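Trainee: show me the folded form of this:
(chains A and B)
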There are 2 protein chains.
Amino acid sequence: MTIQQAMQTVEDIMLQAVNSDVQTLRNASHHILSAGGKRVRPRLLMLAYAAAGGTDYVYAAPVAAAVELVHTASVVHDDINDHGVMRRGRPSVNAIWGRTFALLTGDFLFTKVYELMAPYKDLNIRLAEATVALVEGETLQAAAVKENNFTREVYYQIIARKTAALFKSAAVMGGEMAGAAADVIDAFGQYGYNVGLAFQIVDDILDLTVDSEHLGKTAGIDLAQGRGYAVAYAGNGSATTAVAEVAEADDPMKRIKQKVLSGDAVAEGQKQAEMLVQMAITALDKLPPSNFKQALVDLAHSVVQRDH
Amino acid sequence: MTIQQAMQTVEDIMLQAVNSDVQTLRNASHHILSAGGKRVRPRLLMLAYAAAGGTDYVYAAPVAAAVELVHTASVVHDDINDHGVMRRGRPSVNAIWGRTFALLTGDFLFTKVYELMAPYKDLNIRLAEATVALVEGETLQAAAVKENNFTREVYYQIIARKTAALFKSAAVMGGEMAGAAADVIDAFGQYGYNVGLAFQIVDDILDLTVDSEHLGKTAGIDLAQGRGYAVAYAGNGSATTAVAEVAEADDPMKRIKQKVLSGDAVAEGQKQAEMLVQMAITALDKLPPSNFKQALVDLAHSVVQRDH
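Mentor: Presented below is the predicted three-dimensional model:
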């Protein structure tokens, strides 16, 4: 079985897992899952597994599916809280089915994660911890928006938990399932963590610079929350002040976007993401050369080179 | 250790589990947990465990805590969807912290369930299945409200999933942890399932007949959704027609309540609950006599005799 085929197995497992006899849950889950998405987390897991010598892709695939379902559940709930109406090039679940069913669909997806993970005893706690971190990161973000306290430090605390923790757990679980040595698992942890940070920074930059149609989701949400600003200005200035200014503006979205895009802040954020990717790739030195290792390197590069 | 002490251990485990360094999650979780609640699900689990000969209450307590956290998470999310402002005699999480944080708090509690359950491999899938059923039941309920299709049959489908499945899993997991024989576990399953159905019917009746202050949560929500009507009229008539009538009324809540309370529908629902409790108690015939078995009998009776 190739990695490509393994990724198809991951898709099949996800669609099968959400095949409830409750029509709304099944339809809403299929809607968001069949819209695609980059699948970067499960791919990262499968590649780490293979790069560490794992060959039983069928064994690893349900865990990869569970990781993607955690992400998908969080996306469905995010779109409720952020009033996002577009996701993966389609109307969001809340846009079609409303908030109540979107909330329940997210709960359903979260729960299916643990049904999938039940046979993988030791990994269970790892994914649960990463999921707790994700929810904590989302909460820190909502709190920072509410308290108007969006400093660079807070921004990094947020993305470490809401994005990097799940990337890290994906890489580590891949290594653990392959029976990798402790130093290799540690390397995977660093790789996943740094790729996750870079991924989120680029995500926030794209949210600033790309329109909704190309992005496939409602653009500018993060901007409206002040987060895009924090990342873009991460290197040079107080985002708190800027966000406060924006709150007073007539059309805050337009004004903040102009401000950010006129400076060198986006380029700065991009540079940071590239540095993190370099750190991630360096961590992989522990691994013997292989096509899978190379694919992990390529995946890391693709995270900063993407345009949506 | 007594059952009373075991229940205190369950409390301690829950409070410890939600002790996040993210202030809002910690505070909101402590708020809802420290408000008390009946703790009928974890008590049922501990009693089943003890009645089947289990003696290591410390081993069983985290699973009991996990069951209560599933319930608590669903309550927090319910209050978002139903706009409930009062719960367990306090303002609801969404009333204090708003919808966004309430949604995240519910996600946090759901996730903590699986952190607690990680060491209990075989039970993991059982609790995950019960939690899926719970979410499915809530979804069926929301769909029935939306489609104005609240028949007796639909009502039973809803309460079987949203309430009875978790009660059943609590009793069954108690038996399994004690190493009970298959027929005893089956008996626990019947006991938990029927107690759960009775509990929900009584809950819906109380929602109709008791004011918010005494109930400790926003009363009449279920009524507004048509569910109270379905249970109360379960024996005699089409709830669908009644709900349709209500939708046209000036003050639907008042009118429906008067209608229900003037008939014998509440008494009918109460009788059904009592019959289910009798079935639950009969299932316990498989167990040898003990104080714990008696406590399970008492618990079943208390479910229909409570006034809040």
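Trainee: please report the distance of A:Ser29 from B:Phe188.
Mentor: As judged by Cβ to Cβ, to the nearest Å, A:Ser29 and B:Phe188 stand 32 Å apart. (C-beta placed from N, C-alpha, C; glycine too.)
Trainee: tell me the phi and psi of A:Arg90?
Mentor: Backbone dihedrals for A:Arg90, given as degrees, to the nearest 10, come out at phi -130, psi 170.
Trainee: got a pLDDT number for it?
Mentor: In the predicted model, A:Arg90 carries a pLDDT score of 91.
Trainee: just want to know which of A:Ser29 and B:Phe188 has more residues nearby.
Mentor: Applying other Cβ atoms under 10 Å in any protein chain shown to A:Ser29 and B:Phe188 shows that B:Phe188 carries more neighbours, namely 33 against 26.
Trainee: my guess is the more buried one contacts B:Ala178, does it?
Mentor: No - here B:Phe188 lies out of contact with B:Ala178, judged by Cβ atoms under 8 Å, at a distance of 9.7 Å.
Trainee: and the closest residue to A:Gly53 other than its chain neighbours, how many neighbours?
Mentor: Leaving aside its sequence neighbours, A:Gly53 sits nearest to A:Ala178 (Cβ to Cβ, 6 or more residues apart in numbering or on different chains; 5.3 Å). Each residue near A:Ala178 was counted by other Cβ under 10 Å, and the total is 21.
Trainee: pLDDT score assigned to the closest residue to A:Leu116 other than its chain neighbours?
Mentor: Distances taken as Cβ to Cβ, 6+ apart place A:Ala66 nearest to A:Leu116, at 4.4 Å, with adjacent residues excluded. Reported pLDDT at A:Ala66 in the predicted model: 98.
Trainee: pretty sure A:Ser34 contacts A:Val18?
Mentor: No - counting by Cβ under 8 Å, A:Val18 is not a contact partner of A:Ser34; they are 10.4 Å apart.
Trainee: more crowded one of those two?
Mentor: Of the pair A:Ser34 and A:Val18, A:Val18 is the one with more neighbours under other Cβ under 10 Å, namely 22 against 13.
Trainee: quick one: contacts for that one?
Mentor: Residues counted as contacts of A:Val18 (Cβ atoms under 8 Å, 6 or more residues apart in numbering or on different chains) are A:25-26, A:29-30, A:33, A:108-109, A:112.
Trainee: quick check on these: which are buried?
Mentor: Buried residues within those, counting neighbours by 16 or more other Cβ atoms under 10 Å in any protein chain shown: A:25-26, A:29, A:33, A:108-109, A:112.
Trainee: redo the residues you listed as a markdown table? Include secondary structure and pLDDT.
Mentor: Output for these, formatted as a markdown table (DSSP: H, G, I helix; E, B strand; the rest coil; pLDDT from 0 to 100):
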| residue | secondary structure | pLDDT |
| --- | --- | --- |
| A:Leu25 | helix | 98 |
| A:Arg26 | helix | 98 |
| A:Ser29 | helix | 98 |
| A:Leu33 | helix | 97 |
| A:Phe108 | helix | 98 |
| A:Leu109 | helix | 98 |
| A:Lys112 | helix | 97 |
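Trainee: before we move on, the earlier item: so the residue nearest to A:Leu116 is in which element?
Mentor: Assigned by DSSP states H and E, A:Ala66 belongs to helix A:57-81.
Trainee: so that helix versus helix B:57-81, what angle?
Mentor: Computed with axes from the mean of the first three to the mean of the last three Cα atoms, to 10 degrees, the direction of helix A:57-81 lies at 40 degrees from that of helix B:57-81.
Trainee: would you confirm that A:Val10 contacts A:Val63?
Mentor: No - the pair A:Val10 / A:Val63 is not scored as a contact, 9.4 Å apart, by Cβ under 8 Å.
Trainee: pick out whichever of these two has more residues nearby.
Mentor: Set side by side, A:Val10 and A:Val63 show more neighbours around A:Val63, with 29 against 25, by other Cβ under 10 Å.
Trainee: any idea how far the more buried one is from B:Met117?
Mentor: 16 Å.
Trainee: same question, A:Arg126
Mentor: Taking Cβ to Cβ as the criterion, A:Arg126 is separated from B:Met117 by 13 Å.
Trainee: ok, A:Arg41 - contacts?
Mentor: For A:Arg41, the contacting residues are A:64, A:67-68, A:71, A:166-167, A:170, taking Cβ under 8 Å, 6+ apart as the criterion.
Trainee: phi first, then psi, for A:Ala181.
Mentor: When read as degrees, to the nearest 10, the backbone of A:Ala181 gives phi -70, psi 160.
Trainee: correction: the previous question concerned A:Arg87.
Mentor: In this entry, A:Arg87 is assigned phi and psi values of phi -150, psi 130 (degrees, to the nearest 10).
Trainee: how many neighbours does A:Arg90 have?
Mentor: By other Cβ under 10 Å, neighbour count at A:Arg90 equals 16.
Trainee: need the contact list for it.
Mentor: The contact partners of A:Arg90, taken as Cβ under 8 Å, 6+ apart, are A:31-32, A:35.
Trainee: 6 Å instead?
Mentor: Contacts for A:Arg90 (Cβ atoms under 6 Å, 6 or more residues apart in numbering or on different chains) come out as A:Ala35.
Trainee: how near is it to chain B?
Mentor: Summarising the geometry, the distance separating A:Arg90 from chain B, computed by Cβ to the nearest Cβ, to the nearest Å, is 21 Å.
Trainee: who's that residue bridged to?
Mentor: A:Arg87 (DSSP bridges).
Trainee: ok, back up a step: higher neighbour count, A:Arg126 and B:Met117?
Mentor: For A:Arg126 and B:Met117, the more surrounded residue by other Cβ under 10 Å is B:Met117, and the numbers stand at 29 against 20.
Trainee: which SS class is A:Asp21?
Mentor: The local conformation at A:Asp21, judged by DSSP: H, G, I helix; E, B strand; the rest coil, is coil.
Trainee: done for today, thanks.
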